[in-house]
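J.: Here is a sequence with its predicted model. Questions after.
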Amino acid sequence: MAILNSIAGFEKDMAKWRQHLHQNPELGRECYKTAEYVSERLKEFGITEIHTGYASSGLVAIIEGMAPGRTIGLRADMDALPITENTGLSYSSVNEGVMHACGHDGHTTMLLGAARYLSETRNFSGRVALIFQPDEEATGGAKAMVDEGIIEQFQIEEVYALHNIPGRDVGVMYTRSGPIMAGADSFTVEIKGKGGHAAYPHEVKDPIVAALSIAQAFQTIVSRNNIPSDDLVISITQVHTGTTDNVIPETAYLNGTVRTFDLSVQEMVIKRMEKIISGLAMSFEVGAKLNYEKGYPPTINHEEATNFAIEVANDVCGPDRVSTSVSKEMGAEDFSYMLEKRPGAYLFLGTGDGPGLHNPNYDFNDAAAPIGASFFARLIEKALPLG
């Protein structure tokens, strides 16, 4: 494994940065202290062009190479999750109910490590745009930063990002060209009937029966309306109704998620949901309303950029530790908005055994940080060579 020597030399510093970030997590777009800590480290590295305030607390820092050239963006997400930590670590979260359970502390650290190396060496032409983004987990900080014009303002021509994956060997990397992460939508169904005494069901219009029938019918969209080769997930995640055992309630509520890779599949799902709700509401003599919210679009890697990223991963990790024969992930990622604007690629980096992501016992493996930092640094040197 070809970790860059100077990055290996400050591995302990990277662990210190990461553990500080882990201990001080922030949610959504309120990553102000995280951004301040990142800015302090960047200034220590000699980076002076730091632009703040994107998506409330995001920032973009620029490193100039030794000669003119293109600008490539490298992105790390900074936000944590609303989870109570259960690791018992000496650097556990000091913010109750908030935890870095997805490794964004590690992502930020890897980009800081690359920033330190690239600022010290500047062995490249053109510019690097270091994108430190809040709010990946909630409402799409990447979209906000894109809408606020960072791609055009900094003339970013390509953009790349990494995500850690526990359960894979440390230093293993994988990706694929084309769709790699699903689009993620959410929906609710609000049902209104006529409540009454449970001993006299013939006098009511039962919203519970309607809700259960709608929930079951939604599953037939996957099994009977979707082409089997087109990936689709529909999951009901919440059912709320009623307050006691002898009253049939007036209302019921369903909530869930839809995961797709194709816009035509997404539109088919919406139309089928509307028809199912309309038909079953009529048959049960209740009112029902669908609220469908389109969320993060699919994350689609660009072929040429992905092939290049694989070459870099081979250099850093070794060809036997880089995989491209992987299936699409049904999880979602707001880096998709950046890939809609510019060519680029999204890759996964193994961090070894341990609890999975979004688990209260999860902790990013510091041994993986120099590998990710080396990948980012080598990508820039290879994409923007001097001479």
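T.: Structure received.

J.: how deep is N314 tucked in, by neighbour count?
T.: 15 (other Cβ atoms under 10 Å). All C-beta spots, glycine's among them, are computed from the backbone N, C-alpha and C.

J.: Does it touch D320 like I think?
T.: No - counting by Cβ atoms under 8 Å, N314 sits too far from D320 to count as a contact (9.1 Å).

J.: remind me which residues of the stretch 51-200 of the chain are low pLDDT?
T.: Scanning the stretch 51-200 of the chain for pLDDT under 70 picks out nothing.

J.: show me where it has strands.
T.: 58-64, 67-77, 125-133, 156-165, 173-174, 178-181, 183-192, 196-197 (DSSP state E, counting those that start in this stretch).

J.: For T220, which of these is the nearest?
T.: strand 183-192 (15.3 Å; Cβ to Cβ).

J.: Can you show me the CA trace of the closest one as PDB?
T.: This file holds the C-alpha atoms of strand 183-192, laid out as PDB (Å, rounded to 0.1, in the frame of the first residue of the first chain):
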ATOM      1  CA  GLY A 183     -32.200   8.400  -5.300                       C
ATOM      2  CA  ALA A 184     -34.100   8.700  -2.000                       C
ATOM      3  CA  ASP A 185     -37.700  10.000  -1.800                       C
ATOM      4  CA  SER A 186     -40.100  10.100   1.100                       C
ATOM      5  CA  PHE A 187     -43.900   9.900   1.200                       C
ATOM      6  CA  THR A 188     -46.800  10.200   3.600                       C
ATOM      7  CA  VAL A 189     -50.400   9.100   3.200                       C
ATOM      8  CA  GLU A 190     -53.000  10.900   5.400                       C
ATOM      9  CA  ILE A 191     -56.200   9.000   5.800                       C
ATOM     10  CA  LYS A 192     -59.400  10.400   7.200                       C
END
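
J.: So what does F308 have for phi and psi?
T.: Main-chain dihedrals, F308, degrees, to the nearest 10: phi -70, psi -40.

J.: Tell me who's in contact with it.
T.: 345, 379, 382-383 (Cβ atoms under 8 Å, 6 or more residues apart in numbering).

J.: top of those by neighbour count?
T.: Neighbour-wise, those (other Cβ under 10 Å) top out at A345, 30 neighbours.

J.: Just to be sure, that residue is in a strand?
T.: Yes - counting by DSSP: H, G, I helix; E, B strand; the rest coil, A345 is part of a strand.

J.: N301 is in contact with that one, correct?
T.: Yes - under the criterion of Cβ under 8 Å, A345 makes contact with N301 at 4.6 Å.

J.: what residues do those two have in common as contacts?
T.: Contact criterion Cβ under 8 Å, 6+ apart; residues bridging A345 and N301 by contacting each: 175, 339.

J.: residue nearest the centroid of this protein?
T.: For the chain, E333 is the residue whose C-alpha lies nearest the centre (Cα atoms, centre = their mean; 3.1 Å).

J.: tell me the secondary structure for it?
T.: Going by three-state DSSP: E333 is coil.

J.: Look up phi and psi at it.
T.: Dihedral angles (degrees, to the nearest 10) for E333: phi -160, psi 130.

J.: distance of it from D77?
T.: Distance, E333 to D77, by Cβ to Cβ, to the nearest Å: 9 Å.

J.: Quick check: neighbours shared by the two?
T.: Shared contacts of E333 and D77, defined by Cβ under 8 Å, 6+ apart, are found at E136.

J.: possible to save the strands of the stretch 51-200 of the chain as a markdown table with mean neighbour count and distance to D206?
T.: Output for these, formatted as a markdown table (neighbours: other Cβ atoms under 10 Å; distance: least, Cβ to Cβ, whole Å):
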| stretch | mean neighbour count | distance to D206 |
| --- | --- | --- |
| strand 58-64 | 22 | 48 |
| strand 67-77 | 21 | 45 |
| strand 125-133 | 25 | 47 |
| strand 156-165 | 24 | 45 |
| strand 173-174 | 22 | 49 |
| strand 178-181 | 21 | 40 |
| strand 183-192 | 20 | 10 |
| strand 196-197 | 14 | 9 |
